[in-house]
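Engineer: Give me the fold of what follows.
(chains A and B)
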Amino acid sequence: MTFPMTDTKLADRSAALSVAMPVLTVAVVLILLPNLFGSNAMISTLNYLGTMAIFALSYNVLLGQTGLLSLGHGTFFGLGGFIATHAVLRFVEADIAFPLALIPLIGGVGSFALGSVGGWLASGRGGMPFAMITLGLAELVAAAATLFPSIYGSEEGVSMDRMDLGSSFGLSYGPNVDIYWVIAVWFAICAGLLFFLSRTPLGLLQNAVRDNAERVEFLGFSARRVRMSAYAIAAGIAGVAGSLAALNVEITTVHALGASTSTLVLLMTYIGGTRHFFGPVLGAIVIGLMKIWLSDISPAWMMYFGLMFIFVVMVAPGGLAGILANGRALVRSAGFAPQSPILAGIAIAGGLSVAGLIIVIELAYRAGLDAAKGAEISVLGLPLNAESGLSWATGGVMLIIGVIALRPLLDRLDGKRHAIAQAGGAK
Amino acid sequence: MGIEVVTFSVVNSILYGMLLFLLASGLTLIFSMMGVLNFAHASFFMVGAYFGFEISRRVGFFPALVLAPVAVGLLGALVERFGLRRVHKFGHLGELLFTFGLAFVIEEAVQMIWGRSPQDFQVPAALNFTAFTLFGTGYPAFRLFMLVVAVAVFAALALLLARTRIGLIVKASLTHPEMVSMLGHDVPLVFMSVFGVGSALAGLAGVIAGPVLVTQPSMAAALGPILFVIVVVGGLGSLAGAFVASLLIGFIQTFAVAINLKVADVFGLIGVTQPPAAFGALLSDIWNVSVAQVGPVIPYLLLVAMLMFRPMGLFGKRA
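Structural biologist: Residues are numbered from 1 along each chain as shown, chains lettered A, B, ... in the order given. Just a heads-up that it's a prediction; the model follows:
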């Protein structure tokens, strides 16, 4: 896969401004958030999103920055959580007043060390073999974890009380909002470190390995070491995220190590967009919120994740961040006005097909998995019935009309853009 | 361990190994073709089991044995034509991610249609008898039937690839697609067919495994990683390697379940009956580990060991 090297150009343009602006924005947003959303439920949502954002950022060191597809990144999230949990338990046992806010440092360093070992095993080759090995290592750790109940707990996991270490930094760690501040500061630290990494020679070498590993070898660098470094760094930051999750929910189970965690971070990062630094954060927020809210209103939420992922893979490899960036560039360009009627048509046809698809999927869930809940169902405000042909036809027709209408509209958009480009060239 | 346990375990190991090879052979062919492992391969296996269940419920098991793999093969061909071929331009990472997403969606779709609980996929009445009795224990005929089907498919596939013109074109398309297309063969069609046939083989494995393994939504996720271990251990792209590795994993997993031995028993032989208290809880964990518990771990240990000492796998080419 080839990626345009926009990052380095951006740095050349106005380094100071491009670094200062995001830093200020992130700081202001982090401070404002708990004041805007004060309720306990919202704070705990924010805590979840914060840990997932750190986790997704760490994953993008592998996927976006070094071009490595890891299928076992959840391992280090889980291991970080277990290290943090056991650290808290040990410090309480030994009566050492270690500040709770610094526990993620232990989880991060521990995961970094384990990640160095894993990286040594996994990073001989990139691409396909790398994906296989990470999958194998993750399965190995997950399968082995069940053999050691004294470390990983049995089904109910290992729990701790975050208040047992006492207060530090003026926080008692009782209320969720105290944990929010810990997560916010760690998010700022991790995001800052990873952003800094992406500008260092090592970060650029990782990009080079992503784009052409063979050439990197010819330049005298070891692609293996570069991959190893990316793997270990990603593992370390994932360990911080896992530790924060452990502090937030006060329990860690073997499921945190499992395939579902690894899948979740891949979905978040890729849907968010791997080519923009904050794409994974966007993905973590969107997918995290969907996971929390959508799972209440629809049994099909996992299905929507999967379809969204396939859509992004097939149509928009830049992810949500790529779509936003393209959209912004389009709106600012001179060619936007003549294109806008076609774009509106595409939006309508796309919306129609998505609505049709949602209706069909919701009806299918009601006819299959959730048949016990009765045939009556309300989808997008429409009263429907899973046993009525009319309901199915409504969704099916919307989907088909939308898809049929999209094709000529997309062709016309291409033609229009071509014409605009030619007119621009003629000037 | 008595001689009867060994005998039955050997038969079961070969059976399980051949079943794994039905899946691994398709996966390996598709890998040689696209350069990408198909994550959804175990999902096609699962879809095969569910299709087999639905069809055998309506028209009987033996029609299902033909119809379900055909349906799964068509599904696979459609996936190649309208999915994989379109993401090809994004490179291997795009293809890999596509099959990953597909596996995710198939698992959800199966739950959407059939629910989360296991299906009651029964062994057909015609094959529900004891094939032979050895050491006073009967061996089910259906298991023998599974073995026959798996070996027959293996032989047919080997003959097709080695002895026919079709096999020649397929093998040539894997290594020299441009040249084959110069000679007037439709290479994209060959690829679509290979993908379809590979999926159909997975579907067939699903139909014959459905009544023995449990037909449930987690069966793909349970088998998928094992398949990857097989193709990596055997050597990526090597059919012979996949065959040996399938049998190897079959033996390891079957015998791990059959051996009733704990770490504590081994120490019991030398007279140590209690774990030394000095090493604490971790040692007492290890003390209580049985071979059956270690069974699921061994394939992955094998994978890691293989990658450390022989990264190209048993029969793979040096990278």
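
Engineer: Give me the buried positions along whichever strand or helix holds A:Tyr59.
Structural biologist: Using DSSP states H and E, A:Tyr59 sits in helix A:40-60. By 16 or more other CB atoms under 10 Å in any protein chain shown, the buried positions in helix A:40-60 come out as A:43-60. (Each C-beta comes from the backbone N, C-alpha and C, glycine too.)

Engineer: With stretch B:18-34 instead?
Structural biologist: When burial is assessed from 16+ other CB under 10 Å, stretch B:18-34 yields the following buried residues: B:18-34.

Engineer: Only alpha carbons, please: show that stretch as PDB.
Structural biologist: C-alpha atoms of stretch B:18-34 as PDB (Å, rounded to 0.1, in the frame of the first residue of the first chain):
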ATOM      1  CA  MET B  18      -8.000 -34.600   7.100                       C
ATOM      2  CA  LEU B  19     -10.900 -32.300   8.000                       C
ATOM      3  CA  LEU B  20      -8.300 -29.600   8.700                       C
ATOM      4  CA  PHE B  21      -6.700 -30.300   5.400                       C
ATOM      5  CA  LEU B  22     -10.000 -29.900   3.500                       C
ATOM      6  CA  LEU B  23      -9.900 -26.300   4.800                       C
ATOM      7  CA  ALA B  24      -6.200 -25.700   4.700                       C
ATOM      8  CA  SER B  25      -5.900 -26.900   1.000                       C
ATOM      9  CA  GLY B  26      -8.400 -24.300  -0.200                       C
ATOM     10  CA  LEU B  27      -6.800 -21.600   2.000                       C
ATOM     11  CA  THR B  28      -3.400 -22.500   0.600                       C
ATOM     12  CA  LEU B  29      -4.600 -22.400  -3.100                       C
ATOM     13  CA  ILE B  30      -6.200 -19.000  -2.500                       C
ATOM     14  CA  PHE B  31      -3.000 -17.800  -0.800                       C
ATOM     15  CA  SER B  32      -0.900 -18.900  -3.800                       C
ATOM     16  CA  MET B  33      -3.200 -17.000  -6.100                       C
ATOM     17  CA  MET B  34      -3.700 -13.700  -4.300                       C
END
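
Engineer: How far does it sit from its chain's centre?
Structural biologist: 8 Å (CA atoms, centre = their mean, to the nearest Å).

Engineer: How about stretch A:121-137?
Structural biologist: Per CA atoms, centre = their mean, the displacement of stretch A:121-137 from the mean C-alpha position of its chain is 21 Å.

Engineer: Now do that stretch: everything it contacts.
Structural biologist: By CB atoms under 8 Å, 6 or more residues apart in numbering or on different chains, the surrounding residues in contact with stretch A:121-137 are A:67-73, A:75, A:118, A:209, A:213, A:223-224, A:227-228, A:231, B:35-37, B:92-93, B:96, B:225, B:228-229, B:232, B:236, B:300, B:303-304, B:307-308, B:311, B:319.

Engineer: can you check stretch B:118-131 too?
Structural biologist: With CB under 8 Å, 6+ apart as the criterion, stretch B:118-131 contacts B:49-50, B:52-53, B:56, B:60-62, B:138-145, B:210-212, B:214-216.

Engineer: go again using 10 Å as the cut-off
Structural biologist: Stretch B:118-131 has contacts (CB atoms under 10 Å, 6 or more residues apart in numbering or on different chains) with B:49-50, B:52-54, B:56-57, B:60-62, B:64-65, B:110, B:137-146, B:207, B:209-219.

Engineer: which of the buried residues of stretch B:18-34 come close to chain A?
Structural biologist: With CB under 10 Å from any CB of the partner chain as the criterion, the buried residues of stretch B:18-34 include B:Phe31 near chain A.

Engineer: Write out the residues of the stretch 1-150 of chain A neighbouring chain B.
Structural biologist: Taking CB under 10 Å from any CB, the part of the stretch 1-150 of chain A that reaches chain B is made up of A:1-2, A:63, A:67-69, A:71, A:118, A:120-122, A:124-129, A:131-133, A:135-150.

Engineer: Which ones among those map onto helices?
Structural biologist: Residues of the residues of the stretch 1-150 of chain A next to chain B located in helices (DSSP state H): A:118, A:120-122, A:127-129, A:131-133, A:135-145, A:149-150.

Engineer: Report the buried members of the residues of the stretch 1-150 of chain A next to chain B.
Structural biologist: Neighbour-count burial within these applies to A:63, A:67-69, A:71, A:118, A:120-122, A:124-129, A:131-133, A:135-145, A:147, A:149; the criterion is 16+ other CB under 10 Å.

Engineer: give the contact list for the residue nearest to A:Ile287 when sequence neighbours are not counted.
Structural biologist: Nearest residue to A:Ile287, sequence neighbours excluded (CB to CB, 6 or more residues apart in numbering or on different chains): A:Met268, at 4.6 Å. Counting by CB under 10 Å, 6+ apart, A:Met268 touches A:52-53, A:55-56, A:59-60, A:279-288, A:291, A:305, A:309, A:319.

Engineer: low pLDDT regions in the chain?
Structural biologist: Using chain A. A:1-19, A:424-427 (pLDDT under 70).

Engineer: oops, I was thinking of chain B
Structural biologist: Looking at chain B by pLDDT under 70, you get B:1, B:260-264, B:266-288, B:317-319.

Engineer: for stretch A:373-393, the distance to its chain's centre please.
Structural biologist: Stretch A:373-393 has its average C-alpha position 33 Å from the chain's average C-alpha position, going by CA atoms, centre = their mean.

Engineer: End to end on it, go ahead and measure it.
Structural biologist: 21 Å (CA to CA, to the nearest Å).
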